[in-house]
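Participant: how would this look folded up:
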Amino acid sequence: MDSEHTVASIAEIAADPPARSESGKLRVFISYSRDDLDFADQLDITLRLLGFETSLDRHAISGGEEWRQRLGNLIREADTVVFVLSPSSATSDICDWEVDEALRFQKRIIPVVCRALGGASPSPQLRSLNYIFFYPEPKSPGSGFGSGAARLVEALRTDLEWLREHTRLLLRASEWANGGKAESRLLSGSDIVAAKTWAAGRPKDAPVPTELHLEFIRASEDAQDARLTAQRQQLEEMTAAQDERAKALRAAEQALTRTIRLQRRQAWAGAVIVAVLAMIGWWAYGVISDQLAISHEAAREDIRGQIVAYAAAFGSDESDVARGQSTSPYTTPLVQKLRQKKNLMEAIIDAHQQVLDDSGEKQRPLLSTSMNGQIYLHQQPATRRKRVLAVSVADTGRGAPALTAPPNDVDAIVATLEDAVFSKSDIVILNDPDRKEIEEAIDKITQELRQPPGNGRRAGLAPTSQIRVGLTPVQESHAPDNTLVLFFFSGHGQWDGEKDYIVPRLPGSGDLKDEDIESFISLRSLLQMLEGAAAASVVILDTHFTHASMSSTR
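Facilitator: Numbers count the residues shown, from 1 in each chain. You can find the predicted model right below:
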């Protein structure tokens, strides 16, 4: 390639900088032989000019194990390993070790050839990979430094966000493993859902998650399940204690009746009555204490976090309408439990148990939470600003059969919330909306909750910023304190092999096509939008995510 073309190639890729997440640039580790230091330096400078963060070890290799730890850390922290292939590196034990270390961490490896290999034979792990030539190679017409840099940048940009998440989760998993696997270092709430979605959504030809990745995600999920089980047990113990106090009251009342009837002497009867009233007083004290504790928790203004409830976990199905009802098998018990005026988590847990029992464990609901306290829908602080977005999609208009339950589900949920402390002005209902209508409704709710009461500017309130959409937000937004948004969806769900989606009404007509997935709403995007809308967000999805055609039920 002549010098004019080389300059043009460099200028072209420099004008189009790599996509980068809010937290920084793509990190590249350059592995090379000392004989190729000049080329490695030129490659380092080129990648830095093009917007990448590079690292390469320029220290002399000394005895002992210190160099292994240093290089191992650089490789583990990198998103991609670029291996400078030459006759020297092909026969280098240290370079072979670096390749093994990159494979141990399941890092993507891109071999770049800086000079002809001659008779040198690379390690077996590199032979199956596609080479990028940085010199005029006769077998690769047009090859050279400029075209090689262009091909390398294109390769580095491929699956960039997925690889960055690979590195971020690996570092967190390593900190957890090296820190004695402390529970405090595990993922929680929506982060677990995001990590599982990431692991399931591996792009083609991207490196697989390591066993440490998977162990870290499983341990996070197990720890959260244990916390929910403990919370449920605590709630059951509180209920049992209240039942015991109620029995004591009835026994005390019966004793009082018998004593008054049998004792004729006023003084003796008075003494007995005083003793019995003392027993009742202790019981009343316990009941009042519990009521005060609930009132104190319900009045909290610092509640933050997210609750996500799924009608059916992956691999289980849900039918359209419950037997003998107009609502679904999930919304039917959920509404019943919400009307019992328990805290929201307890109501959802009880509803999930009833769904399991009614379906013979064929429908398995799922619950995830990062909430730092309890929400009582019927007993909320008067200062809390709250909104509800209830969405039903009975007919997607493309490929899927129309459903009966969704509009009835929304009506049942809205009626339940109006019986609590939600006014009609707090609730937005969308029937068969498209993606744009749903996102605009969330955006409007976000803007309303960011405006202080009376449209004044309250000290300390974060200004409105961009709603968080996608894997990593462009601009972090801090949801205002003491705000709540509840999102309810009833309709079709879909899994494309990588991500979960809810399916709004689709444009056009005819059979469903692959490109129609652009009109779906990914679950990850939805959760992030709602996290940015309010301090506390509750997401209830009455659907299941099927990998079959859209003709499948729900």
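
Participant: quick check, P329 in contact with G360.
Facilitator: No: if you go by Cβ atoms under 8 Å, P329 and G360 don't touch, sitting 11.6 Å apart. Every residue, glycine included, has its C-beta placed from N, CA and C.

Participant: name the residue in the two with the higher neighbour count.
Facilitator: Remark: of P329 and G360, P329 carries more neighbours, 23 against 7, as counted by other Cβ atoms under 10 Å.

Participant: now that one. Nearest residue, chain neighbours left out?
Facilitator: Excluding the flanking residues, the one nearest P329 by Cβ to Cβ, 6 or more residues apart in numbering is A322, at 4.3 Å.

Participant: which residues touch that neighbour?
Facilitator: 328-329, 332, 358, 405 (Cβ atoms under 8 Å, 6 or more residues apart in numbering).

Participant: E418 now?
Facilitator: Listed by Cβ under 8 Å, 6+ apart, the contact set of E418 reads 424, 427.

Participant: is it true that it lies in a helix?
Facilitator: Yes: the assignment for E418 is a helix, going by DSSP: H, G, I helix; E, B strand; the rest coil.

Participant: from I307, how far off is it?
Facilitator: From E418 over to I307 the distance is 20 Å, taken as Cβ to Cβ, to the nearest Å.

Participant: next: Q374.
Facilitator: Applying Cβ to Cβ, the value for Q374 to I307 is 10 Å.

Participant: ditto for R245
Facilitator: Going from R245 to I307 by Cβ to Cβ gives 30 Å.

Participant: output the below-cut-off pLDDT ranges for the stretch 451-554 of the chain.
Facilitator: Residue ranges of the stretch 451-554 of the chain with pLDDT under 70: 454-477, 547-554.

Participant: can you give me the strands for it?
Facilitator: If DSSP state E, counting those that start in this stretch is used as the criterion, the strands of the stretch 451-554 of the chain fall at 483-490, 493-495, 500-502, 521-522, 536-542, 545-546.

Participant: including distance to D511, could these go into TSV?
Facilitator: Below are the strands of the stretch 451-554 of the chain laid out as TSV (distance: least, Cβ to Cβ, whole Å):
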stretch	distance to D511
strand 483-490	24
strand 493-495	15
strand 500-502	18
strand 521-522	21
strand 536-542	26
strand 545-546	17
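
Participant: including distance to E515 and mean neighbour count, could those go into CSV?
Facilitator: Below are these laid out as CSV (distance: least, Cβ to Cβ, whole Å; neighbours: other Cβ atoms under 10 Å):
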stretch, distance to E515, mean neighbour count
strand 483-490, 23, 25
strand 493-495, 14, 21
strand 500-502, 14, 23
strand 521-522, 15, 20
strand 536-542, 24, 25
strand 545-546, 19, 22
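
Participant: out of these, nearest to S188?
Facilitator: Comparing the strands of the stretch 451-554 of the chain against S188 with Cβ to Cβ, the closest turns out to be strand 536-542 (15.0 Å).

Participant: dump the C-alpha coordinates for that closest one into CSV.
Facilitator: Only the C-alpha atoms of strand 536-542 are listed here, as CSV (Å, rounded to 0.1, in the frame of the first residue of the first chain):
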residue,chain,number,x,y,z
ALA,A,536,-38.6,3.8,44.1
SER,A,537,-39.9,1.9,41.1
VAL,A,538,-42.1,-1.2,41.0
VAL,A,539,-42.3,-3.2,37.7
ILE,A,540,-45.0,-6.0,37.4
LEU,A,541,-44.9,-7.9,34.1
ASP,A,542,-47.9,-10.2,33.5
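
Participant: need the residues that contact that strand.
Facilitator: With contact meaning Cβ under 8 Å, 6+ apart, strand 536-542 is reached by 303-311, 318, 328, 330-331, 334, 344, 348, 371, 375, 405-406, 409, 413, 483-491, 493, 502, 523, 526-527, 530-531.

Participant: okay, strands next: where are they in the stretch 101-250 of the chain?
Facilitator: Using DSSP E, counting those that start in this stretch, strands in the stretch 101-250 of the chain cover 108-113, 132-133.

Participant: direction included, what does the longest one pair against?
Facilitator: When you say that, I think you mean strand 108-113. Strand pairing for strand 108-113, determined by DSSP bridges: strand 80-85 (parallel), strand 132-133 (parallel).

Participant: just put those in JSON lines and tack on distance to G508 and mean pLDDT.
Facilitator: Formatted as JSON lines, the strands paired with strand 108-113 follow (distance: least, Cβ to Cβ, whole Å; pLDDT from 0 to 100):
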{"stretch": "strand 80-85", "distance to G508": "39", "mean pLDDT": "93"}
{"stretch": "strand 132-133", "distance to G508": "42", "mean pLDDT": "93"}
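
Participant: and those as JSON lines, adding mean neighbour count and distance to F52?
Facilitator: Shown next, in JSON lines, are these (neighbours: other Cβ atoms under 10 Å; distance: least, Cβ to Cβ, whole Å):
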{"stretch": "strand 80-85", "mean neighbour count": "25", "distance to F52": "9"}
{"stretch": "strand 132-133", "mean neighbour count": "22", "distance to F52": "15"}
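
Participant: can I get these in CSV including distance to P122?
Facilitator: Putting the strands paired with strand 108-113 into CSV (distance: least, Cβ to Cβ, whole Å) gives the following:
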stretch, distance to P122
strand 80-85, 6
strand 132-133, 14
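
Participant: so which of the ones you listed is nearest Q234?
Facilitator: If you check each of the strands paired with strand 108-113 against Q234 by Cβ to Cβ, strand 80-85 wins as the nearest, at 46.9 Å.

Participant: and that closest one, how far out from the chain middle?
Facilitator: 32 Å (Cα atoms, centre = their mean, to the nearest Å).

Participant: with stretch 66-78 instead?
Facilitator: Put simply, stretch 66-78 sits 30 Å off its chain's centre (Cα atoms, centre = their mean).

Participant: stretch 129-143 now?
Facilitator: 42 Å.

Participant: and I307, which helix or strand is it part of?
Facilitator: For I307, the host element (DSSP states H and E) is strand 305-310.

Participant: output that strand as PDB, nothing but the C-alphas.
Facilitator: Extracted in PDB, the C-alpha atoms of strand 305-310 (Å, rounded to 0.1, in the frame of the first residue of the first chain):
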ATOM      1  CA  GLY A 305     -34.600   0.900  44.800                       C
ATOM      2  CA  GLN A 306     -36.600  -1.300  42.500                       C
ATOM      3  CA  ILE A 307     -38.900  -4.300  42.700                       C
ATOM      4  CA  VAL A 308     -39.400  -6.400  39.600                       C
ATOM      5  CA  ALA A 309     -42.100  -9.200  39.500                       C
ATOM      6  CA  TYR A 310     -42.400 -11.600  36.600                       C
END
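
Participant: buried ones in the helix or strand following it?
Facilitator: Next helix or strand after strand 305-310 toward the C-terminus (DSSP H and E): helix 331-338. Neighbour-count burial for helix 331-338 flags 331-335, 337-338 (criterion: 16 or more other Cβ atoms under 10 Å).

Participant: how about stretch 356-364?
Facilitator: Within stretch 356-364, the residues that qualify as buried are 358-359, 363-364, counting by 16+ other Cβ under 10 Å.

Participant: do the same with stretch 299-308
Facilitator: Neighbour counts over stretch 299-308 (16+ other Cβ under 10 Å) mark 300, 303-308 as buried.
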